[in-house]
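Undergrad: no sequence on this one, just coordinates:
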């Protein structure tokens with residue numbers, strides 16, 4: 001039994017590393033675009049008419065807390081316009097992190113589904129009071145003959161789950177900087193992380209849940 005679990009977990013390790021290391025596909029911008037961006041942070045005209053065109057500073061994130069996100073016009077905002085490279089995320093408060101995650105959900109879902117390789121598709125992002133959830137649709141190439149019920153068997157085994165968390169740490173060390181940043185924001189928001197593995201053919205799914213405490217431990221490794 002344990003041998004079978006290890007074989008299934010080995011496949012999942014590869015999936016998790018691919019997930020943690022997925023490319024952001026962030027497009028480059030000319031210096032002229034950068035100059036224009038500096039003048040296009042958050043345009044405020046009224047509570048009902050707020051055009052958000054870029055988030056690139058702690059002040060931009062703080063401004064999000066002043067509005068119901070439903071009042072924001074994000075029609076011109078893409079994931080490329082949420083640029084956290086120059087923000088010291090250690091200064092981010094829990095409330096700011098939660099507001100930022102809500103924005104990422106709204107903007108990110110406009111750009112999904114997206115092929116992330118190895119037979120997987122990022123289908124949706126969801127944020128609620130307790131967790132951030134990714135829906136990862138799995139084709140036959142990704143599943144490699146493993147059923148969703150077998151996924152659940154591995155996820156419910158504490159030893160296997162611990163091994164997968166360690167593999168995720170390695171994936172983050174080798175992976176995309178934007179993904180590592182996003183996981184730091186989830187950590188600051190004190191939310192759980194749920195990765196929902198969904199079989200594209202059957203529609204069945206299995207959830208890998210990492211608690212906020214798990215994420216803090218991964219972040220501090």
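TA: Noted; the coordinates are in hand. Small disclaimer: the values here were computed from a predicted structure and weren't measured. Numbering: from 1, shown residues only.

Undergrad: helix/strand/coil for the residue nearest the centre of the chain?
TA: Centrality entry for the chain: nearest residue to the mean C-alpha point is residue 182, 5.9 Å, by Cα atoms, centre = their mean. Recorded secondary structure, residue 182: helix (DSSP: H, G, I helix; E, B strand; the rest coil).

Undergrad: wait, what's in contact with it?
TA: Shown in contact with residue 182 (Cβ atoms under 8 Å, 6 or more residues apart in numbering): residue 104. C-betas here are computed from N, CA, C, even on glycine.

Undergrad: for residue 108, see how far away it is.
TA: To residue 108, residue 182 is 10 Å away according to Cβ to Cβ, to the nearest Å.

Undergrad: same question for residue 153.
TA: Residue 153 is 30 Å from residue 108, by Cβ to Cβ.

Undergrad: the protein: helices as residue ranges?
TA: Using DSSP state H, the helices found in the chain span residues 2-20, 31-38, 58-64, 94-110, 140-143, 148-155, 158-174, 177-188, 212-219.

Undergrad: what is the fourth one packed up against?
TA: The one in question is helix 94-110. helix 58-64, strand 120-127, helix 177-188 (3 or more Cβ pairs under 8 Å, 6 or more residues apart in numbering; DSSP states H and E).

Undergrad: any chance of the ones you listed in TSV with mean pLDDT and distance to residue 149 as columns?
TA: Shown next, in TSV, are the helices and strands packed on helix 94-110 (pLDDT from 0 to 100; distance: least, Cβ to Cβ, whole Å):
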stretch	mean pLDDT	distance to residue 149
helix 58-64	88	41
strand 120-127	91	19
helix 177-188	82	28
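
Undergrad: so which of the ones you listed is nearest residue 195?
TA: Nearest of the helices and strands packed on helix 94-110 to residue 195, taken as Cβ to Cβ: strand 120-127 at 10.4 Å.
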